[in-house]
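Undergrad: What would the 3D arrangement of this be:
(chains A and B)
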Amino acid sequence: MDPSRIWTRVHPLQWLLIVLLLAYPGPASDFFTFQIGAYSLILGTIALSLMMLGGLGGMVSLAQLTVAGLAAYLVAIFGENSVGVLGLGWPWWVTCLVAVFIAAVFSAFVGAISVRTEGIYTIMITLAIAVAFFFLVRQNYVVFNGWTGFAGIEPPTLFGVYWRDPAPFYYLSLAVAAFFYWAVVYCSRSPFGLALQAIRDNPRRMHALGFNVAAHRVTAYFLAGIIAGTAGVLLAWFNGRISPGSVGVDVAIDILVIAVIGGMRHPVGPFAGAVVFVLLQNFAIDLIDRERFNTVIGLVFFLVVLFSPDGLLGIWSELRSRFQQSRQSRFHSRGSSGGSKTFDSVGASQSSH
Amino acid sequence: MGRLFGRHPNWTIAVLLAAVVLVWLIFAVWPEWLVNVIGRKKTFVNTLINGLTLAGLYFLVASGFTLIFGLMRNVNLAHGAMYLLGAYIGYEVAEASGNWFLGLVVAFLAVALFGVLMQVLIFRRMEGDDLRQTMVTIAISIIAADLMLAVWTGTTYQFTPPEWLFGAITLPIVSVVKSSGDAVFIKYPAYRLAVFFLAVAVGIALWVFLNRTRVGMMVRAGVNDRDMLAASGVNIQLVFMLVFGLGAGLAGLAGVVGGTALSIAPGEDLRYLLASLVVVIVGGLGSISGAAVGALIIGLAEQFGLAYFPTYGVVFTFLIMVLVLAVRPQGIMGGR
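TA: Here you go, the predicted structure:
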């Protein structure tokens, strides 16, 4: 892209958002920078990988957190940990590359298992995989150290910066999130992404046109695995530990909740969802009893699915179209002005019979 | 039998041989070398019956799941939550009244009512939109699990089954012959055997209901072509309500049965949801006989995995699922 055109192509609101995101750690406290900001970005990135599969490919996978969790485990296994099980002590960059690569291959494997089935089966199979992985790491002590998992996972100290300090870690997460955001937008406009969306809308026609449907889907899983795996490495550094509890089904479902609350029509959705989710997680205590967070998030999820299938993005575009068309008495304009046309609602394309 | 032999001679021979070997393994007194190879006979027979019991339990849970899916294309991921809800309700009633069977009946009815309400209030609003329905069931299971945790806390509950089902019965199977010449018979908890026979009874009842009654005929017609059934004057919403109630009720029933065989605790909902998922994926979604076959395979695999390869029991189950999906994506008994 011609650099001079950037200035005109990016909307002023988007510039404002970029500046806000960059300036955020300045006024924010360490808690808000690290626990809210960085954590939202990491969860958003994992949900972004789900959005890429679900939004572009029409494959709603519940195993994306499992992919991220696998990468986090591999960081502990290949790198350093304080538990005394494995911890091969490889250099950090080798560890990260290998962890992300294996996670992506695992994701492709998940894809390969589930591509032969349609729509609703995917969610069931990936859920089964997520549960199986959870039980595997909980029962296996030789490689995954069972119930306790691994602790003492440290990011490297580079350029004299300790990367787990709030502000550096926030910028690291922001850079990763921004890169993958851009990558997904780019991918959605590339020939591969267009073919993927066409496959989502009509796999049989694409097959008849000579596209290899299964190969496209598995490739999408591989790419989404790179996104989820990278986020998993960040997650391991963020928590400093990884245990079966971090890859449990409730967390896997949280990722789906985030993506759905935000909306899967555009890559910005998962991040919006993640912010709402993390804020609720931290401040639902003030609204209602500390223990009942799951009820709150469950209700929010329930209401969003019931009334706005496209999540916050759907509400946003609805409001915008209402505002723009207020003079004309046109209702039922759901999704008619939702930014780029390439992202369609997942729900509409999923009725498989 | 003759026709079957004519069509698949190799398969029939293999199955018959396997059956003969199995019967011999169960009833014969094992020679020394066999014990050396696979361990004591008692372990084997107990694992086998444990597997059958678990299969029975899995069938009870999964049959409701597959019934609902078959007719309504609704993947009810709140099925595990319904199982747990049934278990808790049954426990409360059984404790209050001192009658275990009353607990069973009330659990069935209460969860069936819950299912009907879900169908009427929620799923009717989004008919034909599978993914949204699935998401709603996820939301419901999150909320339900959390509320149940609030009401019944994290404590583990244990049912007391009726007196005559308690205790062990001696099976007519010899495990070893002592040097004195006395035969040692294998004992097994009576209740667990009852679970298996209950599952068989429910399976037969479902088969009769679906194949020999007028309503069952409507359900089967609805599975094949929903719109045509509605067009021929059947109140399809009523059929939906009935099937959803029945499927949910089965989950509640299974909750009491399973809660008595094992125990009731938070997290069990997930375990049985996974079991139903794997069972119907392996057996074929929407088919009752598929649920039976899948439950048998998964129940046996889980117990044998637990007995002979303790750390990898779950992986075993998972491998079976992957294998079935690779060879036959629609499941063993799945149509299409």
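
Undergrad: before we move on, which element is the nearest residue to A:G79 once chain neighbours are set aside in?
TA: Distances taken as C-beta to C-beta, 6 or more residues apart in numbering or on different chains place A:T95 nearest to A:G79, at 4.2 Å, with adjacent residues excluded. C-beta here means a position set from N, CA and C on the backbone, and glycine is covered the same way. Assigned by DSSP states H and E, A:T95 falls within helix A:92-114.

Undergrad: who does that helix touch, helix- and strand-wise?
TA: The contact analysis (3 or more C-beta pairs under 8 Å, 6 or more residues apart in numbering or on different chains; DSSP states H and E) places helix A:92-114 against helix A:64-78, helix A:120-139, helix A:213-239, helix B:313-327.

Undergrad: try it again with 10 Å
TA: Other elements packing on helix A:92-114 under the criterion 3 or more C-beta pairs under 10 Å, 6 or more residues apart in numbering or on different chains; DSSP states H and E are helix A:64-78, helix A:120-139, strand A:157-158, helix A:213-239, helix B:313-327.

Undergrad: If I take that helix and helix A:120-139, what angle do their directions form?
TA: Going by axes from the mean of the first three to the mean of the last three C-alpha atoms, to 10 degrees, helix A:92-114 is angled at 130 degrees with respect to helix A:120-139.

Undergrad: Identify the residues contacting A:G248.
TA: Going by C-beta atoms under 10 Å, 6 or more residues apart in numbering or on different chains, A:G248 touches A:L65, A:T66, A:G69, A:A130, A:V131, A:F133, A:F134, A:V137, A:R138, A:D254, B:G267, B:L270.

Undergrad: Nearest to B:V184 among the residues you listed?
TA: Top of the list for closeness to B:V184, among the contacts of A:G248 and by C-beta to C-beta, is A:R138 at 36.9 Å.

Undergrad: Just want the phi and psi numbers for the closest residue to the closest one other than its chain neighbours.
TA: Distances taken as C-beta to C-beta, 6+ apart place A:P244 nearest to A:R138, at 4.1 Å, with adjacent residues excluded. Backbone geometry at A:P244, expressed as degrees, to the nearest 10, gives phi -50, psi -30.

Undergrad: Could you tell me which residues make contact with B:F240?
TA: B:68, B:71-72, B:74, B:116, B:119-120, B:123-124, B:127, B:219, B:222, B:226.

Undergrad: same check, this time on B:A110
TA: B:M82, B:L85, B:G86, B:Y88, B:I89, B:G90, B:E92, B:V93, B:A248, B:G249, B:G252.

Undergrad: rerun that using 8 Å as the cut-off
TA: Contact analysis of B:A110 by C-beta atoms under 8 Å, 6 or more residues apart in numbering or on different chains lists B:L85, B:G86, B:I89, B:G252.

Undergrad: out of these, who has the most neighbours?
TA: Within the contacts of B:A110, neighbour counts (other C-beta atoms under 10 Å in any protein chain shown) peak at B:G86, which reaches 34 neighbours.

Undergrad: Would you check that that one makes contact with B:A251?
TA: Yes. At 6.0 Å, B:G86 and B:A251 qualify as touching, with contact defined as C-beta atoms under 8 Å.

Undergrad: Overlap of the contact sets of those two?
TA: Counting by C-beta under 8 Å, 6+ apart, the common neighbours of B:G86 and B:A251 are B:V111.

Undergrad: interface residues of the stretch 101-250 of chain B facing chain A?
TA: When proximity is defined as C-beta under 8 Å from any C-beta of the partner chain, the stretch 101-250 of chain B approaches chain A at B:122, B:125, B:128-132, B:134-136, B:138-140, B:142-143, B:145-147, B:149-150.

Undergrad: are any of these buried, and which?
TA: Using 16 or more other C-beta atoms under 10 Å in any protein chain shown as the burial test, these include B:122, B:129-132, B:134-136, B:138-140, B:142-143, B:145-147, B:149 as buried.

Undergrad: which regions of the chain lie under the pLDDT threshold?
TA: Just going to use chain A. Where chain A drops to pLDDT under 70, the residues are A:1-10, A:84-85, A:87, A:118-119, A:160-161, A:287-291, A:326-353.

Undergrad: oops, I was thinking of chain B
TA: For chain B (pLDDT under 70), the answer is B:1-6, B:175-176, B:178-179, B:181, B:311-314, B:335-336.

Undergrad: Helices along that one, start to end?
TA: B:2-7, B:9-27, B:32-38, B:41-72, B:79-97, B:100-121, B:130-152, B:190-212, B:214-224, B:226-231, B:236-261, B:268-283, B:288-308, B:313-327 (DSSP state H).

Undergrad: buried stuff in the longest one?
TA: In this case it means helix B:41-72. Those buried within helix B:41-72 under the rule 16+ other C-beta under 10 Å are B:41, B:44-72.

Undergrad: again with stretch B:182-193
TA: For stretch B:182-193, by 16+ other C-beta under 10 Å, it's B:I186, B:Y188, B:P189, B:Y191, B:R192, B:L193.

Undergrad: who are the neighbours in contact with the residue nearest to the third one when sequence neighbours are not counted?
TA: Meaning B:P189. Nearest non-adjacent residue to B:P189, counting by C-beta to C-beta, 6+ apart: B:A168, 5.4 Å away. B:A168 makes contacts with B:K187, B:Y188, B:P189, B:A190, as judged by C-beta under 8 Å, 6+ apart.

Undergrad: Just the CA trace of stretch B:318-326, in PDB.
TA: Extracted C-alpha coordinates of stretch B:318-326, given in PDB (Å, rounded to 0.1, in the frame of the first residue of the first chain):
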ATOM      1  CA  PHE B 318     -11.000 -39.600  22.000                       C
ATOM      2  CA  LEU B 319      -9.100 -41.900  19.600                       C
ATOM      3  CA  ILE B 320     -12.200 -43.900  19.000                       C
ATOM      4  CA  MET B 321     -14.100 -40.700  18.100                       C
ATOM      5  CA  VAL B 322     -11.300 -39.600  15.700                       C
ATOM      6  CA  LEU B 323     -11.200 -43.000  14.100                       C
ATOM      7  CA  VAL B 324     -15.000 -43.100  13.600                       C
ATOM      8  CA  LEU B 325     -15.000 -39.500  12.200                       C
ATOM      9  CA  ALA B 326     -12.200 -40.400   9.800                       C
END
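
Undergrad: Show me the contact partners of that stretch.
TA: Taking C-beta under 8 Å, 6+ apart as the rule, stretch B:318-326 contacts A:113-114, A:116-117, A:125, A:128-129, A:132, A:136, B:278, B:281-282, B:297-298, B:301, B:331-332.

Undergrad: which of the residues in that stretch are buried?
TA: B:F318, B:I320, B:M321, B:V322, B:V324, B:L325.

Undergrad: Can I get those residues in a markdown table including distance to B:I236?
TA: Listed next are the buried residues of stretch B:318-326 as a markdown table, based on distance: C-beta to C-beta, whole Å:
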| residue | distance to B:I236 |
| --- | --- |
| B:F318 | 37 |
| B:I320 | 36 |
| B:M321 | 33 |
| B:V322 | 37 |
| B:V324 | 32 |
| B:L325 | 32 |
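
Undergrad: ok, so of the residues you listed, who is nearest B:Y157?
TA: When those are compared against B:Y157 (criterion: C-beta to C-beta), the nearest one is B:F318, at 29.3 Å.

Undergrad: roughly how far apart are the closest one and B:W207?
TA: Noted for B:F318: a distance of 30 Å to B:W207, by C-beta to C-beta, to the nearest Å.

Undergrad: Strands of chain A, start to end?
TA: A:150-151, A:157-158, A:161-162, A:241-242 (DSSP state E).

Undergrad: Near chain B, which residues of the stretch 1-150 of chain A are found?
TA: A:60, A:113-114, A:116-117, A:119-121, A:123-125, A:127-129, A:131-132, A:135-136, A:139-141.

Undergrad: Tell me the buried residues within the residues you listed.
TA: Buried among those by 16+ other C-beta under 10 Å: A:60, A:113-114, A:117, A:119-121, A:123-125, A:127-129, A:131-132, A:135-136, A:139-140.

Undergrad: re earlier: so which of the strands of chain A gets nearest A:D250?
TA: strand A:241-242 (15.8 Å).

Undergrad: and residue 170, how many neighbours?
TA: Just so you know, I chose chain A. Close neighbours of A:Y170, defined as other C-beta under 10 Å, add up to 23.

Undergrad: that's the wrong chain, I wanted chain B
TA: For B:T170, using other C-beta under 10 Å, the count is 10.
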